[in-house]
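Chemist: Dropping the sequence and predicted coords here.
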Amino acid sequence: MMTGESAALPTRPARSPALVVLTSGTSGLPKGAPRSQAPSLMVPAGLLSKIPLRGGERVLLSAPVFHGWGLIVATLTLTMGSTLVLHRRFDAGRVLTDLQRQRCSTLVAVPTMLRRLVALGDAISAADLSALRIVASGGARLDGALVAQVTAALGPVLHNLYGSTEASYISIATPEDLAEAPDCAGIPPRGTVVRIADANGTSAAVGVEGRILVHTPGQIDAYTDGTRKSDPDGFLDTGDRGHLDAAGRLYVAGRSDAMIVSGGENVFPEELEMALLAHPEVADAAVTPVPDAEFGHRLRAYLVRADSPAGRDALDEQAVRRYLAAELPRSRMPREIVFVDRLSRGSTGKLTRHTLDVLQEEHK
């Protein structure tokens, strides 16, 4: 077939090639986020300045390649002449085996995968992971408790990337950042600007929470349906709320559209989720607001017990409430706690809107 082909170069297309990456669809139907061929090297350079990937190594990529986080790592890995190790489905035991057998220097995953990996416990302690120098998490929020667990199990190798399909990556926390501030999302790399906007749209002071607006080298201007994403000033509203500290580190509080007002208090379901996931006998957790005639909204928590004697036998509603009372203010307490066998998550580890709708219908 190749011998019959012409050696002439193909005709240059009339327009630059484009890549369309679909959003995760956790809040509805996925949208297409198009990107033309990038003339700038700021996107790969910024990521490599925080996550020191090298050529000639082996990278175990567990994050899905069809989403932005996995795609950018796959592209960089192959461009640098390294080898990608891929599995069709995530299995923590197989990941641990291949990290050893393939002598992988890097593991790229989402938080749910890391949670399942550290749950292997003694198997990690017995494994030879001397080649592993980078564990990179992205695609969903990484809580401080999981940061501590991963660091204890694998050493100071964890990196936390915060980004979105529309913006590409926004900030990256290095192991040094996470040692000082385990809940942070890191510092924006060169070329990326993060601004925290208050209710009036002006820049908020250090430590003051507001909308997270970003300007990145890899952001889109509009979706494929023509809906604009970036504002006229070039900044993109991530849909998240958070704040910056004095060192320039970003902290993400939660989704703007997920914040509820309960009894006059602004409450983020993610804050309660992070506290629940830090409980050693909780395997998974999801928190969702439900209408309440008295308070406007109330929080309902869905919990999956850990597969351990303590989880199966001792974790009940009262035990959870005693634990939360020591961790969070009363306004963050769930009015209802529901135990379920499992929580179905998407490929990026996020709960889909469909999953939450089904749970709401089953537990009215």
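Modeler: All right, it came through fine.
Chemist: List the contacts of the most centrally placed residue in the chain.
Modeler: For the chain, the residue nearest the mean C-alpha position is residue 140 (1.7 Å; C-alpha atoms, centre = their mean). Residue 140 makes contact with 110-112, 348-350 under the criterion C-beta atoms under 8 Å, 6 or more residues apart in numbering. (Glycine included, C-beta is placed from N, CA and C.)
Chemist: Residue 60 bridge partners, please.
Modeler: Note on residue 60: beta-bridge partners residue 85, residue 107, judged by DSSP bridges.
Chemist: Just confirm it contacts residue 102, I think it does.
Modeler: Yes - using C-beta atoms under 8 Å, residue 60 is in contact with residue 102, at 6.9 Å.
Chemist: so what sits against both of those two?
Modeler: Common neighbours of residue 60 and residue 102, counting by C-beta under 8 Å, 6+ apart, are residue 85.
Chemist: And those two? Which one has more around it.
Modeler: Using other C-beta atoms under 10 Å as the criterion, residue 60 and residue 102 rank with residue 60 on top: 23 against 14.
Chemist: if I look at residue 333, how far off is residue 246?
Modeler: 31 Å (C-beta to C-beta, to the nearest Å).
Chemist: With neighbour numbers in mind, choose between those two.
Modeler: residue 333 (17 against 7).
Chemist: Neighbours of the residue lying closest to the more buried one once chain neighbours are set aside, how many?
Modeler: Leaving aside its sequence neighbours, residue 333 sits nearest to residue 324 (C-beta to C-beta, 6 or more residues apart in numbering; 6.1 Å). Per other C-beta under 10 Å, the neighbour tally for residue 324 reads 20.
Chemist: Please apply the same query to residue 200.
Modeler: By the criterion of other C-beta under 10 Å, residue 200 has 7 neighbours.
Chemist: Quick check: phi and psi on it?
Modeler: phi -90, psi 0 (degrees, to the nearest 10).
Chemist: where does it land on pLDDT?
Modeler: Residue 200 carries a pLDDT value of 89.
Chemist: tell me the contacts of it?
Modeler: Contacts of residue 200 were listed using C-beta under 8 Å, 6+ apart, and none were found.
Chemist: So it versus residue 210, what's the distance?
Modeler: Taking C-beta to C-beta, one finds residue 200 at 10 Å from residue 210.
Chemist: Check residue 18 too.
Modeler: Distance from residue 18 to residue 210, counting by C-beta to C-beta: 33 Å.
Chemist: and these two? which has more neighbours close in?
Modeler: For residue 18 versus residue 210, neighbours defined as other C-beta under 10 Å are more numerous around residue 210 (22 against 10).
Chemist: hang on, the more buried one packs against residue 202?
Modeler: No - taking contacts as C-beta under 8 Å, residue 210 lies outside contact range of residue 202: 9.1 Å.
Chemist: and the helix or strand hosting residue 274, what other elements does it pack with?
Modeler: Following DSSP states H and E, one finds residue 274 within helix 269-277. For helix 269-277, the packing partners by 3 or more C-beta pairs under 8 Å, 6 or more residues apart in numbering; DSSP states H and E come out as helix 144-154, strand 250-255, strand 282-292, strand 296-305, helix 317-325.
Chemist: Only alpha carbons, please: show stretch 146-164 as PDB.
Modeler: The C-alpha coordinates for stretch 146-164 follow below in PDB (Å, rounded to 0.1, in the frame of the first residue of the first chain):
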ATOM      1  CA  LEU A 146      -5.600  11.900  51.100                       C
ATOM      2  CA  VAL A 147      -2.500  14.000  50.600                       C
ATOM      3  CA  ALA A 148      -1.300  12.800  54.000                       C
ATOM      4  CA  GLN A 149      -2.100   9.100  53.200                       C
ATOM      5  CA  VAL A 150      -0.400   9.200  49.800                       C
ATOM      6  CA  THR A 151       2.700  10.900  51.300                       C
ATOM      7  CA  ALA A 152       2.900   8.400  54.100                       C
ATOM      8  CA  ALA A 153       2.600   5.500  51.700                       C
ATOM      9  CA  LEU A 154       4.700   6.700  48.800                       C
ATOM     10  CA  GLY A 155       6.900   9.500  50.100                       C
ATOM     11  CA  PRO A 156       7.000  13.200  49.200                       C
ATOM     12  CA  VAL A 157       6.300  12.600  45.500                       C
ATOM     13  CA  LEU A 158       2.700  13.900  45.200                       C
ATOM     14  CA  HIS A 159       1.700  16.700  42.800                       C
ATOM     15  CA  ASN A 160      -1.800  18.200  42.700                       C
ATOM     16  CA  LEU A 161      -3.100  19.700  39.400                       C
ATOM     17  CA  TYR A 162      -6.100  22.000  39.400                       C
ATOM     18  CA  GLY A 163      -7.700  22.800  36.000                       C
ATOM     19  CA  SER A 164     -10.700  22.400  33.800                       C
END
